[in-house]
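show me the folded form of this:
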Amino acid sequence: MSYQNFIDLNDLTKAQARQLLDDAHQRKAARAGLPKGTVDPDAPLRGYALAMVFDKPSTRTRLSFDLGMRQLGGETMIINQAETQLGRGESMSDTAQVISRFADIAMLRTGPHEKLTEFAKHGSIPVINGLTAFSHPCQILADLMTFEEHKGRLNGQRIAWLGDGNNVLVSFIHAAALFDFELAIACPPDFMPPQAVLDEALASGARIVVCATPEAAVTGAACVVTDCWVSMSDDPATAQKRAKAFAPYQVTQKLMDLGDAAIFMHCLPAYRESEVAAEVIDGPQSVIFDEAENRCHAQKAILTFCLNTAGK
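Residues are numbered from 1 along each chain as shown. All right, here's what the predicted structure looks like:
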């Protein structure tokens, strides 16, 4: 079977990235008026099975891939680490080869990026990065789709990122080089994204501006994006340290007013009065639930891309 993995956005060409985003828009438009459980008229993945492997808790990733695959006519299998031999130390190599005998495509939501690439190396089916500690490309495709619904084509627009230089930001950096938007970043000095990721993106022509203050990043931006500051795995001392470092980067209405009629995005889960003020995330500039819905349409574009069934 001819297939393509979806590991990171910077593995794509500009043409492939644009086609993925266009396909996501088209798949959403084609479902207008259809019940959620209805199979898409073209049902391009009828007879295909998706294995969803979860090392980490999930709401949006699980729902969007499950429903997306069903709307495409396919089936899903959910595999949680605690309920399989993965939880007892079976190697990722063996797991990948076994799953490849039962499924046509796999999505992994895991921790170390190396676990994902190890699966891709030893499996014989396409692999999708549902999230790793390094990157989150599926989220960014949905975010960019949401942006274009509200603000038009990405080319030449300014998107501001505030807070942690985490996996979501890494994928935004990758996207900046593909879609020709300006990415303005404001992170505390100790929480910057990996320098190698920035250097690679800048070398490829990405327009990335590292700003000294949140105000500088948001000024003139069409979109403001942030993420939670503290992970569930952080101990109390680490959580307190992070909260103190990020406090000046909270997205407030005063900051939003510096943007160019900016929309607000957050991949969720969110913590009101922590990384974002309640009046912002619950206000008219917030598009967080459009983002969440668009995960489904973006995942469908990714699934058909990986299985080479897009447009069929």
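
which strands and helices sit next to the helix or strand harbouring Thr117?
Element membership for Thr117 (DSSP states H and E) is helix 113-122. If contacts are counted by 3 or more Cβ pairs under 8 Å, 6 or more residues apart in numbering; DSSP states H and E, helix 113-122 sits against helix 92-102, strand 105-109, strand 127-131. Backbone N, C-alpha and C define where each C-beta goes, glycine included.

dump those to TSV, plus mean pLDDT and distance to Phe179.
Output for those, formatted as TSV (pLDDT from 0 to 100; distance: least, Cβ to Cβ, whole Å):
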stretch	mean pLDDT	distance to Phe179
helix 92-102	95	31
strand 105-109	98	23
strand 127-131	98	18
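
out of these, which gets nearest to Asn294?
With Cβ to Cβ, the closest approach to Asn294 among the helices and strands packed on helix 113-122 belongs to strand 127-131: 15.4 Å.

now the helix or strand following the closest one and strand 127-131, what's the angle there?
Downstream of strand 127-131, the next assigned helix or strand under DSSP H and E is helix 137-151. Helix 137-151 runs at 70 degrees relative to strand 127-131, counting by axes from the mean of the first three to the mean of the last three Cα atoms, to 10 degrees.

now the helices: where do they sit in the protein?
Listed in chain order, the helices found in the chain under DSSP state H are 14-30, 60-71, 92-102, 113-122, 137-151, 167-179, 195-203, 214-218, 236-246, 253-256, 278-281, 288-306.

contacts only, for Ala201.
Contact analysis of Ala201 by Cβ atoms under 8 Å, 6 or more residues apart in numbering lists 10, 173-174, 176-177, 208.

how far off centre is the lowest-mean-pLDDT helix or strand in the chain?
Least confident helix or strand of the chain, by mean pLDDT, DSSP states H and E, is helix 236-246 with a mean of 91. Using Cα atoms, centre = their mean, to the nearest Å, the mean C-alpha position of helix 236-246 is found 25 Å from that of the whole chain.

between the helices of the chain, which gets nearest to Phe6?
Nearest to Phe6, of all those, is helix 288-306, at 5.2 Å by Cβ to Cβ.

other SSEs contacting that closest one?
Helix 288-306 packs on helix 14-30, helix 60-71, strand 127-131, helix 137-151, strand 263-266, going by 3+ Cβ pairs under 8 Å, 6+ apart.

which residues sit against the last one?
Around strand 263-266, the neighbours that count as contacts under Cβ under 8 Å, 6+ apart are 143, 146-147, 150-151, 222-227, 251, 256, 275-276, 280-281, 283, 285-288, 291.

now these: which count as buried?
Buried residues within the contacts of strand 263-266, counting neighbours by 16 or more other Cβ atoms under 10 Å: 143, 146-147, 151, 222-227, 251, 256, 275-276, 280-281, 285-288, 291.

separate out the buried members of the contacts of Ala201.
10, 173-174, 176-177, 208.

in CSV, list the contacts of Ala201 along with distance to Phe54 and pLDDT.
What follows is the contacts of Ala201, written out as CSV (distance: Cβ to Cβ, whole Å; pLDDT from 0 to 100):
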residue, distance to Phe54, pLDDT
Asn10, 25, 97
Ile173, 26, 98
His174, 23, 98
Ala176, 29, 98
Ala177, 30, 93
Ile208, 32, 98
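
now, which of those residues sits nearest Ala237?
Within those, the smallest distance to Ala237 is 29.3 Å, found for Ile173 (Cβ to Cβ).

the closest one and Tyr271, how far apart?
24 Å (Cβ to Cβ, to the nearest Å).

just Phe102 next, same as before
Distance, Phe102 to Tyr271, using Cβ to Cβ: 38 Å.
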